[in-house]
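Predicted structure and sequence below. I'll ask about it afterward.
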Amino acid sequence: MKLPPFALHVPRTLDEALALRAALGSDAKVLAGGQSLLPMMRYRMLRPYALIDITRVESLARLDTAPAVRIGAAVTHADVERCTQAGALFDLLRAHAAEIAFLPVRGRGTVVGSLVHADPAGDWPLLLTALDATVELASLRGRRVVGLRDFIRGAMDSDVQVDEIALAAVLPERASGLVRWGRCKLMHRAGEFASASALALQGADGQWACWLGAIDPGPLALPATAARLPAAGGPTPARRDIAASALDEILAARPHIDPLAASRHAQAMARAVEQAWQGVTA
Amino acid sequence: MNITLTVNGRETGLDVEPSAILADVLREQCRQTSVHLGCEHGVCGACNVIVDGQVVRACLTLAGSVDGCSVTTLEGLCDATADRLRRAFSEHHALQCGFCTPGMVVSGYDIVRRGQLRDEPAIRQCLSGNICRCTGYHGIVAAVVEVANEEPPITEVQA
Amino acid sequence: MGESKVDGGYAHIGRPLVRVEDARHLAGGGAFVADIQVPGCLEVAFCRSPVAHGRLKGVTLPPELPAGTFWTAADIAGLALPIYCALLRPEFNGAPYPLLADGKVRFAGEPVVLALGATRAEAEERAEQVQLDIEPLAAVVDAWNEVDHPGVPLHDHLSSNLVMRIGRALGEAQAIIDDPAARGLRQVTRRLSMGRVLASPLECRGCLAYPDPAGGVVVHVSSQRPHLIRTFLAEQIPGLTEADIRVVVPDVGGGFGSKSNLYPEEVLVTALAWKLRRPVRWIEDRYEHFVASNHSRQHEQRITAYFDDTGRIHALDALVVVDAGAYSAKTSTGAIEANMATNVMLGPYDIRNYRFEAVSIHTNKSPLGPYRGVGRPGGCFAMERIIEEVARELGADPLDVRRANLISPAQMPYVSATGLAYDSGNYREIVDAAGRFVAENWPAARQADDGARVGVGYAMLVEQAAHGAEEWRRRGSPLIYGHESARATLNMDGTLVIEVGTLSHGQGHFTSLAQIAAEITTLPVSAIRIRQGDTSAAPYGLGSVASRSIVMAGGAVAMACRDIVGKARAIHAVLHETDDAQVEVRDGACVSPQGTTSFGDLARVAYVGVSKLPRSISPGFSFQADYRPSVETGTFSYTLHAARVSVDPDTGFVRILDYLVVEDCGTVVNPLILDGQIRGGVAQGIGQALYEEMIYDSNGQPQTVTFGDYAVPSAVEVPPISILHFSTPSPHSEFGMKGMGEGGAVAPPAAIANAVRDALAELGVDVCRTPITPDYLLRQLHEAGQGGAR
């Protein structure tokens, strides 16, 4: 299907972009990479009268890595995949980016766009929620910062006001202290959306965090499973045990979930923990 | 809206609809019909082109979004690497109907040019973004692996 | 005379020549139908039915658009006719296939209103403004259930949704089935399902028609059968005759059968171009392709094998129910798959006692059409799954059970219980080769390092191809595809142009047919041009389907080239005043003790030097040959596939670790092209086995309408494939060639299902369906009490 007609605005400064956003209101959508938005428009799931393309606003294309990681709204998955900073956190960011869809899609699709889109099947909501990122938003009324865990309200539902543009996703400084990580994205066919996706992260304080993605309505923490993981070294927890613990937690948190899906999520979690235990660090 | 694209090395002024898709503009106004439309939702890769050095889906890129950029299609791949890749494609029987071929060659060219992937599983993974329904991928992967593992030619002539 | 042999082989046949057609595509010079620009062209978009089944009470068009923007069934009545296709068998229930829905809609995606615009986007905008008043009816979506619990008939003049039902009990099948114990026989039964798939060539359909300045219309269409399409268009559009229509098929981006039938959209575009005296174009998009191109291979089966303790199968009982979609497409009809599956099911096995029932059911889905193998994947799935269950029941090696049942070379030529006349073959040879290869090369471990379970499975088949007139007549086909034609013209510069009636859409005919021509004429391949697709230039041909081209077109090319050579010799003999016996043909020239004359110079005499020709030799140098095979029951290539898979019982994920194809297709023209056909077919078979399913919900709503939902394999999903070649030439065809293009796609569902079954056998898990998705395996594991979900 061809795209329906619309007006296209390509601002070169943030001020221009914000002014457009305020003027056009709900008639317009912000266009970043377009890799989700344009197919939705082709299939007539969305019909905005105008698009505001923010990818030519230079200030939004910055990927800052110190003291904290700040991912501008126009930073693509490929930009993250190609970043050169050393350390466990950046290894994780690169690994996560590299498994998104296909290289040409990563060349246009953006990290922040994925957060605003808030598709439970998307990749960045999981990782950035687990890292406790915040989202910076701006409008003509001013700026605000929202925790990502509040920003994503549900499936396809994020807290962007009609006159706002999300400027960046920012990681807390403590994220740079990441010591160990493991991830597992289960895909039946290369490049497709995850049927299950899990993260296991150990911070500088030795505490573990376990998170699931690809689950309605949004990323799910598994604190009980995380609490069972020892702080210091030791034998790899048995896959079976992790999966059983995770399954219990998932069924308690999502009582209406399809049991097959729950089982698959639990398996992904167990594999993520295994990978973390194999010491995937910088 | 008026935009300027440098298409295969030639700076081109174009008057396009705001909703114009890069693939359609390349095919119809620039007559670069090697850009094929297989799905128009970003999965099949038949529309792959190189914009400012990055492989992208021309079917999911607005022409207005890439005003001022350089765009390279199969027709514009004329250097020694591209010719070497073409020869490898032919020798390895990497095409049957030819519809996926432009996108495949663009992807293969990008892999070779970036020089980071040399082993077959990694190249195969990178090519997973291009669908071929005819060949079963054997010749395509073999061709890209072969060229990716060769010493780069001493002189590269960019036509 | 003619054919040369070098080192016991041929000079050109058998050489792995790089394809002559590649350079153009690699340079970006492919010209598919969407690449053809015609100024002032009107673009077509359709308003398609949003519901699967309903009474079409009315159509409301937006008022402010010019007359002639929209076309409904009422508007085209008289301009173009509904399609009608039936088998010439009394059991067949035919129904018309409207070009635009008329009174009823019968599948979601059926075209209802055609909209024209200056651009496709504009046409789509217009089509979206059309409102349809449809009173929904219950949708028929379950063919198996429909047999005993019929729903609303789709076609008002038919009392049920039965397209066709045929069955027979051959040999002593009935007696054995009635009382197997009396013969000391055991039995094993399986209820099998194969999910709906579609060929999904990377290029969707498309049709561009415009008035020919010389009168009539030119039609560019992405189709596998140019001349038949021309004939059908003339039949469907009363105002046009075949003489008025020139079909020119451009490059076709894959077909695999899905571009062989006549489609309503093609008729409409042609009719409107002619009526409006304007170019009109319809370029299908992927959404349309999913909902409205031909679908294939949705089978429900119940198979029982009756066997003794040695593994010998004494009888087979097969019920096959195929979901045929809403209409019988022209020419395959809705009965093609069930009929073929039951016809070919016995494969390479010497089974004389066979009871079968083939049932084809109308449902509210896109119509059935052929897809690489057609009914063979279904037939192979049934036979090869059940034969490995026989082996499992006996605790026997599945290859040994196959050996116990194979037709032997001494029995060739062999007429199967269903009347298939196998021409030649040594089936035991490829079974043994496969067994040796697997034993020597594949690890025997049953468990992988990561805890996954490993299994091996096999599947074997015989592929009938290039069947001729008698076979089509037997099937009740109203059209007989019993021959093929080629016209060879020698030019004064020594180049040879051969127009063929087949339609290469990736199979490399431009090269392989040139190799055949080179073999016979001794001209270099570089001097030979194969041309196709233009009905005003190519002699009437029957296109490329059913793996017919190399035998049929190759036969016609060979005949025409022999005529070329014959005339060359004759002219040379006259010029040099010698006799034919003195003349040799070498390197594109005639050579005798009196001298050498190039073919080009001989042609020059025939065109502009006829003063040198006696009256007994006609001027000109062009021959049309019409090849009709002497034996019309077809050639029979055969192949055995083996798959080694790992199955993760915790996630249900299947990975193919190793894949083997052992094949025999007689004399091979181009080994590169042969391997390419095998590999491409296997990739498609893997898609059907593990990934692809065209899903409809219970209301007949299509659920899988993007490549995100309908997952055709990528390079990652196709494993390394080992191929072993054997060659048992056909005694009936030129050079002993056999058609083989489909076989690669036929065996993988069975081989992979057998492998997964083997991997999970210890867990008591059965594998009875395709695609073998992770969810399916997790459910099977759960049911076997082996975990999966809690």
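Looks like it arrived, so ask away. Numbering: from 1, shown residues only, chains lettered A, B, ... in the order given.

residues near residue 10, how many?
Went with chain A since none was named. When neighbours are defined as other CB atoms under 10 Å in any protein chain shown, A:Val10 has 23 of them. Where you see a C-beta, it was placed from the backbone N, CA and C, and this is true even at glycine.

nope, chain C
If you count neighbours by other CB under 10 Å, C:Tyr10 ends up with 19.

Go ahead and confirm it touches C:Ile520.
No - look at C:Tyr10 against C:Ile520 with CB atoms under 8 Å: they stay out of range, at 10.1 Å.

quick one: buried residues of stretch C:349-360?
Residues of stretch C:349-360 classed as buried by neighbour count (16 or more other CB atoms under 10 Å in any protein chain shown): C:349-351, C:353-360.

So which of these belong to helices?
Among these, DSSP state H puts none in helices.

low pLDDT regions in the chain?
Looking at chain A here, since you left the chain open. A:233, A:280-282 (pLDDT under 70).

was after chain B, sorry
Scanning chain B for pLDDT under 70 picks out the ranges B:152-159.

what does it have sitting close to chain A?
B:1, B:17-19, B:21, B:24, B:40-43, B:45, B:48, B:51, B:54-57, B:60-62, B:64-65, B:67, B:107, B:110, B:125-126, B:128-129 (CB under 8 Å from any CB of the partner chain).

secondary structure element for the residue most central in space within chain B?
The geometric centre of chain B, computed from its C-alpha atoms, lies nearest to B:Val106 (CA atoms, centre = their mean), at 2.4 Å. Element membership for B:Val106, per DSSP states H and E: helix B:101-114.

That helix packs against which elements?
For helix B:101-114, the elements it packs on are helix A:103-106, strand B:48-51, strand B:54-57, helix B:80-91, helix B:120-126, helix B:138-148, helix C:22-26, judged by 3 or more CB pairs under 8 Å, 6 or more residues apart in numbering or on different chains; DSSP states H and E.

Dead centre of chain C: give me the residue that sits there.
Nearest to chain C centroid, counting by CA atoms, centre = their mean: C:Arg372, 3.5 Å.

what about that residue, distance to A:Thr236?
The gap separating C:Arg372 from A:Thr236 is 46 Å, by CB to CB, to the nearest Å.

C:Arg446: what's it in contact with?
Going by CB atoms under 8 Å, 6 or more residues apart in numbering or on different chains, C:Arg446 touches C:453-455, C:759.

want to throw these into JSON lines with pLDDT?
Shown next, in JSON lines, are the contacts of C:Arg446 (pLDDT from 0 to 100):
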{"residue": "C:Arg453", "pLDDT": "97"}
{"residue": "C:Val454", "pLDDT": "98"}
{"residue": "C:Gly455", "pLDDT": "98"}
{"residue": "C:Ala759", "pLDDT": "97"}
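
any idea which of those residues has the most stuff around it?
Using other CB under 10 Å as the neighbour criterion, C:Ala759 leads the contacts of C:Arg446 with 28 neighbours.

what does the stretch 501-650 of chain C have sitting close to chain A?
Going by CB under 8 Å from any CB, the residues of the stretch 501-650 of chain C near chain A are C:Asp650.

show me where the stretch 501-650 of chain C has helices.
Applying DSSP state H, counting those that start in this stretch to the stretch 501-650 of chain C gives helices spanning C:509-521, C:549-575, C:599-608.

what packs against the shortest one?
The reference is to helix C:599-608. Helix C:599-608 sits against strand C:484-490, helix C:549-575, strand C:589-592, with contacts defined as 3+ CB pairs under 8 Å, 6+ apart.

Would you confirm that C:Leu490 contacts C:Asp601?
No - assessed by CB under 8 Å, C:Leu490 is found out of contact with C:Asp601, at 10.7 Å.
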